[in-house]
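# Compute the structure for the input listed below.
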Amino acid sequence: MFVSFPVIDAANGLQAWKILDDLTNHIDLILTEVAMPGLSGIGLLYKIMGHKTRKNIPVVSKFFQVLIYVWFELFLFLIIRATFFYGF
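Residues are numbered from 1 along each chain as shown. Presented below is the predicted three-dimensional model:
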């Protein structure tokens, strides 16, 4: 069984916001990138969170994957550093 979904794409963050701000567009999920021209993915997320109805739409972004990776790397660095200095 093949299921298809309509997709609305945007060339940049500002165009994405205009699409989201138009309530005639039925949006169920937002996929965004962190680095976009005009309005970043983080800026777009702030606008979405401040919107009366759009704030309830799930947002998926690579930013969260990068953030988790950075925290993991920092955690490993702190463990290695503690092991070196304190001999655990």
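# which SSE is Tyr46 in?
Taking DSSP states H and E as the criterion, Tyr46 maps to helix 41-50.
# for that helix, packing partners?
helix 13-21, strand 30-32, strand 59-61 (3 or more CB pairs under 8 Å, 6 or more residues apart in numbering; DSSP states H and E). (C-beta placed from N, C-alpha, C; glycine too.)
# Would you mind putting those into TSV with mean neighbour count, mean pLDDT and distance to Ile42 alongside?
Conversion of the helices and strands packed on helix 41-50 to TSV gives the following (neighbours: other CB atoms under 10 Å; pLDDT from 0 to 100; distance: least, CB to CB, whole Å):
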stretch	mean neighbour count	mean pLDDT	distance to Ile42
helix 13-21	17	93	9
strand 30-32	17	87	9
strand 59-61	15	82	8
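# For Phe77, which of these is the nearest?
strand 59-61 (24.7 Å; CB to CB).
# which strands and helices sit next to the closest one?
On a contact count with 3+ CB pairs under 8 Å, 6+ apart, strand 59-61 meets strand 30-32, helix 41-50.
# Throw these into JSON lines and include distance to Ser61, thanks.
Below are these laid out as JSON lines (distance: least, CB to CB, whole Å):
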{"stretch": "strand 30-32", "distance to Ser61": "5"}
{"stretch": "helix 41-50", "distance to Ser61": "5"}
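# picking that back up, so which bits of the helix holding Tyr46 are buried?
By 16 or more other CB atoms under 10 Å, the buried positions in helix 41-50 come out as Gly41, Leu44, Leu45, Lys47, Ile48.
# Tell me the secondary structure of Ala82, please.
helix (DSSP: H, G, I helix; E, B strand; the rest coil).
# Just give the number of residues close to it.
11 (other CB atoms under 10 Å).
# That one and Leu76, how far apart?
11 Å (CB to CB, to the nearest Å).
# One more: Leu44?
Taking CB to CB, one finds Leu44 at 31 Å from Leu76.
# Count the residues that sit near the closest residue to Leu14 other than its chain neighbours.
Once flanking residues are discounted, Leu14 sits nearest to Gly38: 3.9 Å by CB to CB, 6 or more residues apart in numbering. Gly38: 14 surrounding residues under other CB under 10 Å.
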